[in-house]
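Engineer: Sequence and predicted structure, then a few things I'm wondering about:
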Amino acid sequence: MQSVACPNCGAEVSFRSPALPVRVCDHCRTLVVRYSQSAQAMGEAAVLPFDVSPIQIGTQGQCFDQGFTVIGRVRWAWDDGAWNEWLMLLDDGSHAWMGEAMGQFMALREVELDTAPLIWGLLNGGEAVPGQSGSIAGHAYEVADVRTVRCIGCEGELPFTAPAGWEALSVDFRNADGRSASFQKDRHGPSLYVGHYVTLASLTPRNLRSLPGWSLHPHVA
């Protein structure tokens, strides 16, 4: 773990992952970007609105055949709702995302951009339509959702700065075998993630947030 002083308030800002450049200061919410010998403030992260997710920074579990710890979050919104993307630090030092929307969870890892027609069209300014089918990483998918989304807050460690109001094109894909994929195009450029739908229980999570009246196992009083 590496620690730097927040350039804005001077508080200690700790990084658990040696690969991630950005950390939100827990004291003043400054977006702190670290370099080899220094740290720089890159604006302020918006205060995250309350939500009822049982996941929190520090939640641990099993995913992609290894342990993970949640170390960051970005919350995205569109006209009809919002969802969380939780950044997982895996035991081997790599990272993955856990998407959480309306009680459903997706575990995703970034992959090289696919040159199949479905993704190639998006890379070149084409449009995707819900129900459209095509191949991604050798598997058949159909478009589930197409949205222009905006960042409304972030916390913890991240691979990029995520200022409030940052907009992106988000296209989600699904297939009949439980696989999932997500294409995003934003100010950083295009990116592609593939993975699978999971249940919260299948992640064998620990250190969940306590929510009144909620249990991971509904039959447990």
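Structural biologist: Right, received. Where do you want to start?

Engineer: Touching stretch 90-99 from outside, list them.
Structural biologist: Here stretch 90-99 makes contact (Cβ atoms under 8 Å, 6 or more residues apart in numbering) with 17-20, 55, 63-64, 66-68, 70, 83-89, 105-110, 159, 182, 193, 195, 198. Quick note: C-beta positions are derived from backbone N, CA and C, even for glycine.

Engineer: Please identify the buried residues of whichever strand in the chain runs longest?
Structural biologist: As assigned by DSSP state E, the longest strand anywhere in the chain is strand 139-158. Residues of strand 139-158 classed as buried: 141-144, 146-147, 149, 151-158 (neighbour count, 16 or more other Cβ atoms under 10 Å).

Engineer: and if you look at stretch 91-107?
Structural biologist: Here stretch 91-107 shows 95-100, 105-107 as buried, counting by 16+ other Cβ under 10 Å.

Engineer: Please give the element, helix or strand, for the residue positioned nearest the centre of the chain.
Structural biologist: Centroid check for the chain by Cα atoms, centre = their mean gives Glu85 as the closest residue, at 3.0 Å. Element membership for Glu85 (DSSP states H and E) is strand 81-90.

Engineer: so Arg174 sits right up against Tyr141, yeah?
Structural biologist: Yes. Between Arg174 and Tyr141 there is a contact under Cβ atoms under 8 Å: 6.5 Å.

Engineer: overlap in contacts of those two?
Structural biologist: By Cβ under 8 Å, 6+ apart, the residues touching both Arg174 and Tyr141 are Ala181.

Engineer: doesn't Gly121 fall inside a helix?
Structural biologist: Yes. Assessed by DSSP: H, G, I helix; E, B strand; the rest coil, Gly121 belongs to a helix.

Engineer: what sits against it?
Structural biologist: 127-128.

Engineer: Distance-wise, check it relative to Glu167.
Structural biologist: 20 Å (Cβ to Cβ, to the nearest Å).

Engineer: Setting aside sequence neighbours, what's the nearest residue to Arg75?
Structural biologist: Gly153 (4.8 Å; Cβ to Cβ, 6 or more residues apart in numbering).

Engineer: Would you enumerate the residues in contact with the one you found?
Structural biologist: Gly153 touches 45-49, 74-75, 164, counting by Cβ under 8 Å, 6+ apart.

Engineer: quick one: which of these has the most company?
Structural biologist: Ala45 (25 neighbours; other Cβ atoms under 10 Å).

Engineer: quick revisit: what's the offset of the very next helix or strand once past the longest strand of the chain from the middle of its chain?
Structural biologist: Following strand 139-158 in sequence order, the next helix or strand is strand 167-174 (DSSP H and E). With Cα atoms, centre = their mean, to the nearest Å as the basis, strand 167-174 stands 12 Å off its chain's centre.

Engineer: which strands and helices sit next to strand 167-174?
Structural biologist: For strand 167-174, the packing partners by 3 or more Cβ pairs under 8 Å, 6 or more residues apart in numbering; DSSP states H and E come out as strand 139-158, strand 179-186.
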